[in-house]
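Peer 1: any chance you could fold what I've pasted below:
(chains A and B)
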Amino acid sequence: MTGLGIALAAAMLVAALVVSDSLGLGFDRAAHAAHLPDVIVRFDLQDTARVRERIAALPDVAAYTVRQEVTGAGFETAGNFADNGAVEIVGRGRRGYAIVGGRDVSGRPGEVVVERGLAAAWGLKLGGTLDIDGLGDERIVGFSESPDNVSYPLAVPRVYVSEAAVYGAGRAPRVNLADIWLRDPRNLDEVLVQARSTSYGLRGVRFVTRSGVRVLLDQAAGIVIDLLVALSLIALATAAAMLAASARAEVQRRLRGIGVRRAVGASRGYLVSVQALEAAFVAAPAATIGALGGLLATYGPTTRLLVLLNEPAPGSALAPALAGAWLGAVAIPVLAAAWPAWRAAGRPPVALLRGAELSGGARGRARSGRGPAIPRAGLTVLGARLAGAHRVRLVATAATLGFSTAFVLLMLALASALSSLETDPGALGRRYQLTANLPASAAAHVRSIAGVQAAAPRYEAGAVDSFSLGETIDVIAYPGDHTIFEAPPLVSGARLHGAHEAEVGLGLAQALGLTPGSTLAIELASGPELRLRVAGVVSSLDHDGRIAYVPAQAMLAADPGTADGAQLAVRLKPGASASAVSAALGPSATPATGAVGRGVPLVAVLRSILRAVAIVDGLVCLYALIQACALIVQERRRTVSVLRAFGAGPSAVRRLLSGAVIALVAPAALLGILLERALLGPALAHLAASYVTLSLGASGTEIAVVLAGLVLAGAVAVAWVARQIARESVIAGLGAS
Amino acid sequence: MPVLEARGIAKTLGAGRAQRRILDGVDLEVQAGEVVAVLGRSGSGKSTLLHLLGGLDSPDAGRIVLAGQELTAQTPRALAKMRLRHVGFVFQSFHLIEELSGEENVLLPARLPGAGRDGERRARRLISELGLSEIAGRRPHELSGGEQQRLAIARALVNDPELVLADEPTGNLDRENGATVLALLRNLRRRAVVIVTHEPEAAAIADRVLHLQDGRLLADDGRLSAEGARLRTARVLRESA
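Peer 2: Numbering: from 1, shown residues only, chains lettered A, B, ... in the order given. Model (predicted):
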């Protein structure tokens, strides 16, 4: 059991290290390797010379490159196809991406560098070919990684070809992307203001800054890191508490032996070193196994996550931290064993030879006076009292179990939230179930289809804010009341009513400092500007909360072209069959989805990590229960033997142990539920996305599942320890001091 | 019919060079109402014999019959049931449970699964009869050794066993308390009592005194008991044949 505890603690510690190091430092590693620019500017195709002229006018620029990015390109290999690819035509100068396999494009025709995420998803190999629309079969010469965006399939597939290969000896005549490196990144804000003012004539300008990318990634990674670090600390504290108690019991058992050795002249240091050495013999292999287990459990999923985030795996950079974790996992049990030996060896040998207790045991702590009458379930109550004899340990173990319960509940709530985001349109506040690629004029016909409650055109357009740079906004409009189709919860203010009002998402409100009554000024992607009064702020997961609901007439007045891309949103009557309505609408109908599409790899990877953490957490619970029971039995060996001498059979022993388990599990379950619902759930919901109100409180079913798991773990602990007791001689226990 | 009957009990302890035949053909019969004292030096095997008689351990050879049932043929589960219904133990160190009051300690065997129904009533009567009412609500560490041992005796009797086995019951008591405890054991009506001790005072209250010496039980006059002599002769003849 001691070895298992050390192994579990080491596994948790290493798991936390792998995930925190990978996600916490991954961006910096990737940015350093890719030589990521401080600002990436995208704009509509412009004359190259004109763009260079504008950038050259900016202050503090250390270097820059311009290139053409072709979007919507078709990529094809055997069995894979995408029609939304991005081809970046790179020239001389800095790249802004790292080559993580093979080499960069050389300028010879027919070569392509493929983003690692795309290569991993499609199983592309170096030397293989990728068919790119307009370029033909290109030979894959390298794989790239750049953390300016997440990777395929979370984002569009991206490849790089050389300017020389496309345009021969000349340069691209027109470009739409610029990478800018600053001499001093602290001047970024001033440069952006300057860039905005000098970008007149450039249309569709969008800025992405290195610090902005980092903040977004840190937000997401921070949650997982915080969780894992907390869990590993709990596991480590549990193991340390149990090991200390176990070591104390072991030293207590050996008191006479220690006394004899002290009596014949053994030094205190010698006795302590013997005890420490014995602990090290157990701890070293257990910590090694645990560390390897933790590494195996988390390195794979984390690496897959990093590929999606366009970040490198930590590799050998993790070695010093892992070595430190291993040393910690060995040192703690060694110290836990050495300390009681040090205390014992400091006592007079004559006291040790008498087998005096190391410190006040149950005798010293037992309450005086008349005890309560023993209830009917005598053995169960006795078991609970035995567990309560060491109150500090009872509290520590119950707290450990409580925290573990809370974390498992949180994992389940998170998994439910992920599933909901994946499949439930309601997670976005959407009330329509279908969309149809039909003109607005078809709305009246669609409303007449059986099962349809409402149908209206839904206009959607991209925009940037006119004041603060770099923020992109998703603008949505319906003719009339949009809450019939989309009603994200209102956080403050009111719903929009007039033609000059808007509702904004909390993410956008936070980014731009908008409140009800302030002015939202946005520039639609096609150029025209819209100025609307903010009527209310809504909580929406869509587009990270950077969303605005505006009246259709305002949007269409500003840009009539938006009507071309409109879809019909179709809301069904309660109980109506979506498939029947879909059939009536024909091939133009598409079911509405959640915040992320079904089967998105990020969700799958997150689920893998959650599952691994929950399993290790469950094992920690089981270990804590078994070890707590085993310790009670070890320390109260004589009590158990007296009961057995008087005829207590296996069922009586199980009843006794059940009492101890109940004393531990009952407060732990209560603590766990309260912690999750009152503290962890709300805290994580806030961390997860400040722009939306996510419900991460565990449901009744989830609580029931976790309670059943605790009961099962308790039953396993009781059965395991009862079996160990049955194997021991009653006489040996009666003679135990 | 005797409450306890042991025939040809042999037991070897230790291993290798430390192996020692600690009991070598022990025979013993104890009738209801009889008090038998087994005396012997420290390490002579008295406690081992008591453990075998109480079904806490199994002999290497021989048979033990308790209340008409042979112990040596029982499973551990059945042995536990036999102890619960037919045997009461009194230990030198009392072995009361610190978390429980004196009364709770007395009641505990009666609360074990399979115990008879009258446990509580009997416990209260015993507490009263043994003069423990005043101290029954106290925890063991608040009591004197004599009080603890009297509670331990009440605990041994709570399931109304036919056999009471006492292992050095006065070993941790002063002379006065020791005498009180021995008087109690002497007055356990209808029950068979086996006391193992190295204190001669215990012999004074016994109906029969046996000495455990070189693995054999000898009568008070230093001779083997009649059954022991018969069995030993048979074994010697067998070995020489």
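Peer 1: contacts only, for the spatially closest residue to A:V105 that is not a sequence neighbour.
Peer 2: Among residues not flanking A:V105 along the chain, A:S162 sits closest, at 4.1 Å (C-beta to C-beta, 6 or more residues apart in numbering or on different chains). Just so you know, the C-beta spots here come from the backbone N, C-alpha and C atoms, and that holds for glycine as well. Contacts for A:S162 (C-beta atoms under 8 Å, 6 or more residues apart in numbering or on different chains) come out as A:I89, A:V90, A:G91, A:V105, A:S106, A:G107, A:R108, A:E111.
Peer 1: what's the pLDDT at the closest residue to chain A within chain B?
Peer 2: Closest to chain A within chain B is B:L84: 2.5 Å, counting by C-beta to the nearest C-beta. You'll see B:L84 listed with a pLDDT of 91.
Peer 1: A:S20 too?
Peer 2: For A:S20, pLDDT reads 74.
Peer 1: swap in A:A15?
Peer 2: The model reports A:A15 with a pLDDT of 76.
Peer 1: helix or strand right after the helix or strand containing it?
Peer 2: Using DSSP states H and E, the element containing A:A15 is helix A:2-34. Downstream of helix A:2-34, the first helix or strand assigned by DSSP H and E is strand A:39-47.
Peer 1: mind listing what's buried in that following strand?
Peer 2: Buried residues in strand A:39-47, counted by 16 or more other C-beta atoms under 10 Å in any protein chain shown: A:V39, A:I40, A:V41, A:F43, A:L45, A:Q46.
Peer 1: specify the angle between the very next helix or strand once past it and strand A:39-47 in degrees.
Peer 2: Using DSSP H and E, the helix or strand that follows strand A:39-47 in sequence is helix A:48-56. Using axes from the mean of the first three to the mean of the last three C-alpha atoms, to 10 degrees, the inter-axis angle of helix A:48-56 relative to strand A:39-47 is 150 degrees.
Peer 1: ok, residue 158 - how many residues close by?
Peer 2: You didn't pick a chain, so chain A it is. Neighbours of A:R158 under the rule other C-beta atoms under 10 Å in any protein chain shown: 26.
Peer 1: look at chain B instead
Peer 2: Neighbours of B:V158 using other C-beta under 10 Å come to 28.
Peer 1: also A:A509?
Peer 2: 26.
Peer 1: report the contact partners of A:I626.
Peer 2: Contacts of A:I626 (C-beta under 8 Å, 6+ apart): A:M1, A:V716, A:A717, A:W720, A:V721.
Peer 1: then A:L4?
Peer 2: Neighbouring residues of A:L4 by C-beta under 8 Å, 6+ apart: A:A286, A:Y623.
Peer 1: name the strands paired with the lengthiest strand in chain A and say parallel or antiparallel.
Peer 2: Using DSSP state E to define each element, chain A has its longest strand at strand A:61-77. Applying DSSP bridges, strand A:61-77 is found paired with strand A:80-90 (antiparallel), strand A:129-132 (antiparallel), strand A:174-182 (antiparallel).
Peer 1: state the pLDDT value of the residue of the stretch 501-650 of chain A at minimum distance from chain B.
Peer 2: Proximity to chain B, evaluated over the stretch 501-650 of chain A using C-beta to the nearest C-beta, is greatest for A:G647 at 2.5 Å. In this model, A:G647 is scored at 89, pLDDT.
Peer 1: so which of the contacts of A:I626 is the closest to chain B?
Peer 2: A:V721 (16.9 Å).
Peer 1: which residues touch the closest one?
Peer 2: A:I626, A:C629, A:A630, A:V633, A:L657.
Peer 1: likewise A:R171?
Peer 2: A:R171 neighbours (C-beta under 8 Å, 6+ apart): A:T48, A:G91, A:E163.
Peer 1: with adjacent residues omitted, what lies nearest to the first one?
Peer 2: For A:T48, ignoring the flanking residues on the chain, the nearest one in space by C-beta to C-beta, 6+ apart is A:V175 at 5.0 Å.
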